[in-house]
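>>> structure, please.
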Amino acid sequence: MTNKGVDAYRPPEITFGFPACEKSDIFSISCVVTELASRQPLFPSYVNNAGPFTLYEKAYLFDTLIHPIPSALVTRLRSKYPGWFDAYGFITLDESISSYVKLFSERHATTFQVSVLRVRVAAIHRSVSQDAVDNDEEIREVLEDALRLDCSERVSLTEIEAYPFFRKRI
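Residues are numbered from 1 along each chain as shown. Got it, this is the predicted structure:
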């Protein structure tokens, strides 16, 4: 995987200029699955048509919409981007994060929460209620493990086949 492609589907390791891993595509595919389920992207590509998010804004979105950024990634990011994190490893909020990004994050992070995974999921078909989708623990389990920010913790393609969601459907 290269640094090309749609920003909304780009995994953290590629976004921040680190080498891709064998599980990078799992993150991207999971963003697409989330978009199909919710009928909106997990991450919009642009801020009010003004261009791509800054890397700092993307870090903020990863942190607020999916998982808190894991300590191993915080360490790597601190050396490359000093000032992004406080002494405890929390992302610092400053004026360089646009109000659009903050508003987008607040709306989406409070809509749907599954342990640390926070995504807005709507009904896949109009005939399926939002409650039915919200209660689908099997797909949430897959997305939670597939959207891990640390590539080494992300589920692999061979592991994903073992999840109940796929075993019932394959």
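>>> skip the chain neighbours and tell me the closest residue to the residue positioned nearest the centre of the chain.
Nearest to the mean C-alpha position of the chain, by Cα atoms, centre = their mean, lies Ile66 at 4.5 Å. The shortest distance from Ile66 to any non-neighbouring residue, by Cβ to Cβ, 6 or more residues apart in numbering, is to Leu147 (5.2 Å). Heads up, the C-betas are built off the backbone N, CA and C, glycines and all.
>>> ok, back up a step: Leu149 is in contact with the residue nearest to the centre of the chain, correct?
Yes - between Ile66 and Leu149 there is a contact at 6.4 Å, judged by Cβ atoms under 8 Å.
>>> please, where are all the helices along this protein?
With DSSP state H applied, the chain shows helices at 12-15, 24-38, 55-61, 71-80, 99-109, 130-134, 137-146, 157-160, 164-167, listed in chain order.
>>> buried stuff in stretch 140-151?
140-151 (16 or more other Cβ atoms under 10 Å).
>>> next: stretch 6-22.
Those would be 7-16, 18, 21, for stretch 6-22 by 16+ other Cβ under 10 Å.
>>> any regions of the protein where pLDDT drops low?
Scanning the chain for pLDDT under 70 picks out the ranges 1-5, 45-52, 100, 106-136, 169-170.
>>> 50 - rerun?
Residue ranges of the chain with pLDDT under 50: 1-2, 110-128, 133-135.
>>> what's the local residue count around Arg76?
Neighbour count for Arg76, taken as other Cβ atoms under 10 Å: 18.
>>> contacting residues around it?
16, 18 (Cβ atoms under 8 Å, 6 or more residues apart in numbering).
>>> for it, give its distance to Ala146.
21 Å (Cβ to Cβ, to the nearest Å).
>>> now swap in Arg154 and tell me
In terms of Cβ to Cβ, Arg154 sits 6 Å off from Ala146.
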